[in-house]
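*Asks:* how would this look folded up:
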Amino acid sequence: MRPSTDNSATASATSASATTVPHGVRLSYFRVGAVDHLVAGLAAGTVSTLCLHPFDLLKTRLQVGGPGAALVGVPAAEVVPYRSSLHAARSLVANEGWAAMYKGITPNLVGNTVAWGLYFCGFDLVKRALSERQPLALVRLVSSPSSLPVAAADGSVAGSRGRRRQLNALEHILAASLTGTCVSALTNPIWVVKTRMFLDHTPSNNSAAAAAAAMRATSSSASATAAAAPSMPSYSGLTSALRSIYRTEGVMGLYRGFVPGLFGVSHGALQFMAYEELKKLRTEQRRQKSILAGGGSGGSGAAAPVHWSAAETITMSILSKAFASLATYPYQVIRSRMQASHGEHVSLRGVLRATWREEGLRGFYRGVCINVVKVMPAACTVFLVYEQVGGYMKRHATYQQS
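*Replies:* Model (predicted):
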């Protein structure tokens, strides 16, 4: 809960947020500035997951639906040879009901909400440490949270931890990579549960169950194969799934797919690097336009806080996401197959070999179409909600952070 302040201090800070702030000082809604990014990230993860969960479900099923998946321990009953994204959607609704579109929503919502909140918060802390040329400052902040800059009752922060500078592209990649690695280590067990629940083909209602039984009856060979093959266990919830996996597969079961998941860190690093570089470019364009219009002096002294419009945010998020997605999509297929596997000795090398031998290069891009449909709106939603929530907190900020 934010502390109460006197009316004059609040009015002063609000006025400052609407006009200009001293150079090197930023506004914050909470006393601890990093909490602004945490809250905005939590909001972004929640909204994007609720809106786009069905696309994530279909993408995962398509990724695990190729013949190469059965060779690495994925239960054969779960390897459904979907012909296309549309075929996968129709089969899901026909066999399991409309409610199945939101299977696994709990781990997906928890995972994405926590992951985005921690990512944006951690990314900001790492960037600040690097921009002040004090990399070890991050260690101090993590080991001693009380050393985070906290505003006083009048909205100011005493002292300064060094003059900040703009980071270059490589430093943005470093900041995003470090943040992504930590977040992946914390949330990987949730992603394992999400993948397992996504692949649960249990019908969601009686009519869907009857339809599924009818389809199985029309194909005796498929029925015999499914009966002989091990099936994916059905989990009742996130906590029960975590306990079940830990009990039957140990800690390693909770961290299946972690190594290929680290390639996802490169995806996030490339995306955030591109996004930050686009923001720098757009900020410079604004500055030059202001100078030509006679409304700026070249960047010295006070500066107005930057607020991004919805159109600017959407454009930058689409470009950065497209760049990262084209470069790193294959790792998602490999990670999904490893997480879905119940084999005792499933290695990254084995999954790569099986996928290449059975499906070729095309196998590494299974589900790419539905992924494109999902990731572009997802990227736009995440960054749009993040920037709008962050912008709201800046406009109503009551604290200044040095």
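*Asks:* if you skip the residues just before and after it, what's nearest to residue 190?
*Replies:* Nearest residue to residue 190, sequence neighbours excluded (Cβ to Cβ, 6 or more residues apart in numbering): residue 111, at 3.9 Å. Heads up, the C-betas are built off the backbone N, CA and C, glycines and all.
*Asks:* quick one, what contacts the one you found?
*Replies:* 187, 190, 191, 194 (Cβ atoms under 8 Å, 6 or more residues apart in numbering).
*Asks:* Packing partners of the helix or strand containing the third one?
*Replies:* With elements taken from DSSP states H and E, the one containing residue 191 is helix 169-198. Using 3 or more Cβ pairs under 8 Å, 6 or more residues apart in numbering; DSSP states H and E, the elements in contact with helix 169-198 are helix 34-63, helix 105-131, helix 238-254, helix 258-292, helix 330-340.
*Asks:* Show me which positions of it end up buried.
*Replies:* Neighbour counts over helix 169-198 (16 or more other Cβ atoms under 10 Å) mark 171-184, 187-198 as buried.
*Asks:* count of residues packed around residue 322?
*Replies:* Per other Cβ atoms under 10 Å, the neighbour tally for residue 322 reads 16.
*Asks:* what's in contact with stretch 375-393?
*Replies:* Applying Cβ under 8 Å, 6+ apart, the set of residues contacting stretch 375-393 from outside is 28-30, 36-37, 39-41, 43-45, 47-48, 51-52, 55, 116, 120, 271, 275, 307-308, 310, 313-314, 316-318, 320-322, 325.
*Asks:* so where's this structure uncertain?
*Replies:* 1-25, 65-81, 133-164, 201-234, 295-306, 342-345, 401-402 (pLDDT under 70).
*Asks:* Direction-wise, compare the helix holding residue 191 with helix 330-340 and give the angle.
*Replies:* 40 degrees (axes from the mean of the first three to the mean of the last three Cα atoms, to 10 degrees).
*Asks:* okay, the angle between helix 169-198 and helix 258-292?
*Replies:* Using the same axes, to 10 degrees: helix 169-198 against helix 258-292 is 130 degrees.
*Asks:* Deepest in the core, which of the helices and strands packed on helix 169-198 is it.
*Replies:* Stretch with highest mean neighbour count among the helices and strands packed on helix 169-198: helix 330-340 (a mean of 26; mean count of other Cβ atoms under 10 Å).
*Asks:* Mind listing residues that contact it?
*Replies:* 60, 63-64, 68-69, 72, 74, 78, 191-192, 195-196, 199, 232, 256-257, 260-261, 263-264, 267, 346, 348, 351-352, 355, 363-367, 371.
*Asks:* which element follows it toward the C-terminus?
*Replies:* Helix 330-340 is succeeded, C-terminally, by helix 348-359 (DSSP H and E).
*Asks:* May I see the buried residues of the helix or strand just after that following helix?
*Replies:* On the C-terminal side of helix 348-359, the nearest following helix or strand under DSSP H and E is helix 368-395. Residues 368, 370-372, 374-391, 393-394 are the ones in helix 368-395 that count as buried (16+ other Cβ under 10 Å).
*Asks:* what sits up against stretch 44-55?
*Replies:* 56, 101-102, 104-105, 108-109, 112-117, 120, 370, 373-374, 377-378, 381-383, 385-386, 389.
*Asks:* ok, now with 7 Å
*Replies:* 101-102, 105, 108-109, 112-113, 115-117, 370, 373-374, 377-378, 381-382, 385-386 (Cβ atoms under 7 Å, 6 or more residues apart in numbering).
*Asks:* Same check on stretch 313-320?
*Replies:* Residues contacting stretch 313-320 (Cβ under 7 Å, 6+ apart): 271, 274, 275, 278, 279, 376, 379, 380, 383, 384, 387.
*Asks:* Max pairwise distance over the residues you listed: which two?
*Replies:* 279 and 376 (18.6 Å; Cβ to Cβ).
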